[in-house]
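[1] what shape does this take:
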Amino acid sequence: MPRIDVSVATPDGDCPATLHVPDGGGPAPAVILYTDAGGVRETLRVMADRLAGSGYVTLLPDVYYRAGEWTPFDAATVFSIPAERERMTTLMRSVTAERADRDAGAFLDFLAERPEVSGTVVGTTGYCMGGRISLLVAGRHPERVGAAASIHGGWLAATDDSDSPYLLADRIRATVYVAAAQNDDWFPPDQFERLKAAFESVGVRYTMDMYPAAHGFAVPDNPTHDPAAEERHWTALSELFDANLGG
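    Take a look at the predicted model:
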């Protein structure tokens, strides 16, 4: 799939990104892919290629762009090296809900102007912290997001977080898919049930699945990668976007 290096002008500066386009160049519906805490790297670019191969123009933004040049993480060792884990945590915490919201507005405007993109609504998907961002964007931009997925996302329904996505359930108009990891400290059973109840209370169209796999199961360079769970999530994403974005 063709990859195009692009820069998206946001209120906080220029965000480097890659635009992954289906063979033939489009026009086709668009999806924003939000990375996990490890940030943009080749593994995520290959995943964006796969979405493009399914028929979706896919934007993969570097959500850590405010940090300037930063060294990519090694997913196999980042959690075992204290300094690297601290560096990743600092970057992850820099992507606040307000910053993600501002960025999303810019990403959506950028996609609306691209000749490769068709349709008036986009999809969002994300992994780990990106799953949280995906749902936040669906709640903050309800008229522009038609389908939103969170794949082993964290902090989706935390009661001590005023920006937790479950608090935006009444604003979400997208169809939502949540793939939860088993025994996930970042999205434990109480949060799973709280998010489900929030969706039920306001009539969000949703599917929530508990995968028999560990946090990080869908990203191939993670030590917890689970090939069967990864393939299952790709099938679910295809079904979500095909049904709601007109792909």
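
[2] can you tell me how far residue 138 sits from residue 23?
    The span separating residue 138 from residue 23 equals 28 Å under the rule C-beta to C-beta, to the nearest Å. Every C-beta, even on glycine, is put in place using the N, C-alpha and C of the backbone.

[3] okay, these two: which has more neighbours?
    In terms of neighbours (other C-beta atoms under 10 Å), residue 138 is the more surrounded of residue 138 and residue 23; the figures are 29 against 10.

[4] from the structure, what's the count of residues near the closest residue to the more buried one other than its chain neighbours?
    Excluding its sequence neighbours, the residue lying closest to residue 138 (C-beta to C-beta, 6 or more residues apart in numbering) is residue 148, at 3.7 Å. For residue 148, the number of neighbouring residues by other C-beta under 10 Å comes to 33.

[5] quick one: residue 148 is in a strand?
    Yes. Using DSSP: H, G, I helix; E, B strand; the rest coil, the assignment for residue 148 is a strand.

[6] just confirm residue 101 contacts residue 139, I think it does.
    No. With contacts counted by C-beta atoms under 8 Å, residue 101 stays clear of residue 139, the gap being 9.3 Å.

[7] higher neighbour count, those two?
    Set residue 101 next to residue 139 and count neighbours by other C-beta under 10 Å: residue 139 wins out with 24 against 16.

[8] quick check: phi and psi on the more buried one?
    When read as degrees, to the nearest 10, the backbone of residue 139 gives phi -80, psi -30.

[9] before we move on, what SS does the residue lying closest to it once chain neighbours are set aside have?
    Beyond its immediate neighbours in the sequence, the residue positioned closest to residue 139 (C-beta to C-beta, 6+ apart) is residue 168, lying 2.8 Å away. Per three-state DSSP, the secondary structure class of residue 168 is helix.

[10] measure residue 168 to residue 156 for me?
    Counting by C-beta to C-beta, the gap between residue 168 and residue 156 amounts to 11 Å.

[11] quick one: contacts for residue 225?
    Residue 225 makes contact with 216-219 under the criterion C-beta atoms under 8 Å, 6 or more residues apart in numbering.

[12] how close does the residue nearest to residue 119 when sequence neighbours are not counted get to residue 171?
    Leaving out its chain neighbours, the residue that sits closest to residue 119 by C-beta to C-beta, 6+ apart is residue 29, at 4.8 Å. According to C-beta to C-beta, residue 29 stands 22 Å off from residue 171.

[13] out of these two, which sits in the busier spot?
    The residue with the greater number of neighbours, taking residue 29 and residue 171 and applying other C-beta under 10 Å, is residue 29; the counts read 25 against 13.

[14] so that one touches residue 117, yeah?
    Yes. Contact between residue 29 and residue 117 holds when scored by C-beta under 8 Å: they sit 7.3 Å apart.

[15] tell me, what's touching the two both at once?
    Contacts common to residue 29 and residue 117, judged by C-beta under 8 Å, 6+ apart, are residue 57.

[16] what about the strands in this structure?
    In the chain, the segments counted as strands under DSSP state E are 3-10, 13-20, 30-34, 57-61, 122-127, 145-151, 175-181, 206-211.
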